[in-house]
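Engineer: sequence plus the predicted model coming up.
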Amino acid sequence: MKLRKVVLDTNVLIAAIRSREGASFALLSRLAEKELPFQPVLSVPLVLEYEDAMLRSLEASPLTKQDVGDFLDFLCSVSWHQEIYYLWRPLLKDPGDDLVLEVAVAAGVDYLVTFNTNDFAGAESVGVKLITPQALLRKLEN
C-alpha cells in the first residue's frame, strides 16, 4: 500500500481529544502503529494553530496542557515537516482554513482530512482533494 500524505484540519484533532469513540480518534491512534498507515504533513504555523485550538478545547476533553504538548511532540515526530515559501492567501473565507490549505498545496498531499468540506470549497482548484476522517479510515482498510 502506498503511504498517503495528508494534512489534518484542526477540527479532526479537536474531535479526537473530545471523544475516543469517533473516526478522528481512530485515525490518530493509527499513527502509533509500527508502520505508518499515512504520513501527516505539518508546518510550524499549523502546529501552532493545532496547539492554540487544542488548549482552548481542554475543558471539553479529559486531557491536560501537558497531554496536549506530549501529543503534539509525538505528532511532530511522525510527520513530514513542510516549509512554506510562499503565501497566496486568501483563497478561502477563514484564514485558519487557508493556513491548512497552504500546507496541503505546498506538500502536494493526497488528501486534506476535514469534517468541514464546505469550508474548503475551492480547494480543488489548487489540486487538493478533500476527505473526511471516516472516508480515510475506509481507504486505509482497502
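Structural biologist: Nice, I can see it. Numbers count the residues shown, from 1 in each chain.
Engineer: any low-confidence regions in this structure?
Structural biologist: Applying pLDDT under 70 to the chain flags the ranges 1, 86-90.
Engineer: where do the strands of this protein begin and end?
Structural biologist: 4-8, 38-42, 80-81, 111-113, 130-131 (DSSP state E).
Engineer: list the buried residues of the first one.
Structural biologist: Residues of strand 4-8 classed as buried: 4-8 (neighbour count, 16 or more other CB atoms under 10 Å). In this view, the C-beta of every residue, glycine as well, is placed from N, C-alpha and C.
Engineer: one step back: just put the strands of the chain in TSV and tack on distance to Ser24.
Structural biologist: What follows is the strands of the chain, written out as TSV (distance: least, CB to CB, whole Å):
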stretch	distance to Ser24
strand 4-8	9
strand 38-42	13
strand 80-81	20
strand 111-113	9
strand 130-131	13
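Engineer: which one of these lies closest to Leu58?
Structural biologist: Across these, Leu58 has its closest neighbour in strand 4-8 (18.7 Å, CB to CB).
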